[in-house]
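K.L.:
Please work out how this folds:
(one chain, ligands or ions: 1)
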Amino acid sequence: MKIVKAKDYNDLSRKAANIISAQIIMKPHCVLGLATGSTPIGTYKQLVEWYNKGDLDFSEVTTVNLDEYKGLNRDNDQSYYYFMNENLFSKVNIDRNRTFLPDGTEPDSQKACDAYNQIIHSVGGVDMQLLGLGHNGHIGFNEPGIAFEKETHCVKLTERTIKANMRFFVSENDVPKEAYTMGIKTIMSAHRILVVVSGADKAEAVKNAFFGPVTPAVPGSILQLHNDVTVVADEAALSLCEGLY
Ligand code: GLP
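P.N.:
Here you go, the predicted model:
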């Protein structure tokens, strides 16, 4: 596991975007696993900027997103589809037919998850997976206690995640209680993994996930067992890890 220390959020976003753009340049027809949440927004912004300058071409790129809320359709401004559209897809020359997210409108969880697993297999797996890290160490929507061997599945969100996501909704009641997410097995199958983490409120999660024991109690800790993980974190997020890397 490589830890890259960034000065602040801007620096983190540029460094992460640099790593993703190198991936696209080295393999224009790559499959990118993408993430939502507030942390990757700056990374997407930077990628869009470089695209606008003519430095990046997304025309052959395929994307598969980590997760989607169950029950939200694509037009809902809190759906992850909407997020991806706003932050990246509508701003670059990506072929929409090659952008995939779990289908939040499919009420049959088994059907939605099987279909998504099939999509991931049919595109040949993920070359580079971008990840954020939740306060409790979750990745995607794989909450503490999750079985490591799962592929895409439906999860019940924890109270803490619902509360953390509440800021995006009118009230707590509006926050979906379930989501479809790639499982740990799916995430670990990516050839390369890039994790972005920012802020002092994530310092504990960073320490537990990347320097603590590997345990389902901290889902992100499994990444210690992957052979190509880069964590780009700012000083605040790494503040409890002095001397550990
Ligand atoms: C959500 C997402 C995760 C994300 C996490 C952290 O629960 N499903 O994929 O990594 O939040 O989000 P943020 O970057 O906003 O802290």
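
K.L.:
Just the buried residues of the helix or strand of the chain with the lowest mean pLDDT, please?
P.N.:
Every helix and strand in the chain was compared by mean pLDDT, DSSP states H and E; the lowest is helix 159-165, with a mean of 83. When burial is assessed from 16 or more other C-beta atoms under 10 Å, helix 159-165 yields the following buried residues: 161, 162, 164, 165. To be clear about C-beta, it is placed using only N, CA and C from the backbone, and glycine gets the same treatment.

K.L.:
okay, now the closest residue to residue 65 other than its chain neighbours: neighbour count?
P.N.:
Among residues not flanking residue 65 along the chain, residue 101 sits closest, at 4.2 Å (C-beta to C-beta, 6 or more residues apart in numbering). Neighbourhood size, residue 101 [other C-beta atoms under 10 Å]: 22.

K.L.:
and if you look at the one 4 residues further on?
P.N.:
When neighbours are defined as other C-beta under 10 Å, residue 105 has 15 of them.

K.L.:
Same question for residue 219.
P.N.:
Other residues within reach of residue 219 by the criterion other C-beta under 10 Å amount to 26.

K.L.:
same deal with residue 79?
P.N.:
Quick note: residue 79 (other C-beta under 10 Å) scores 21 neighbours.

K.L.:
Not counting its neighbours along the chain, what's nearest residue 223?
P.N.:
The shortest distance from residue 223 to any residue that is not its chain neighbour, by C-beta to C-beta, 6+ apart, is 5.0 Å, and that residue is residue 229.

K.L.:
again with residue 104
P.N.:
Sequence neighbours aside, residue 68 is the residue nearest to residue 104 in space, at 4.3 Å (criterion: C-beta to C-beta, 6+ apart).
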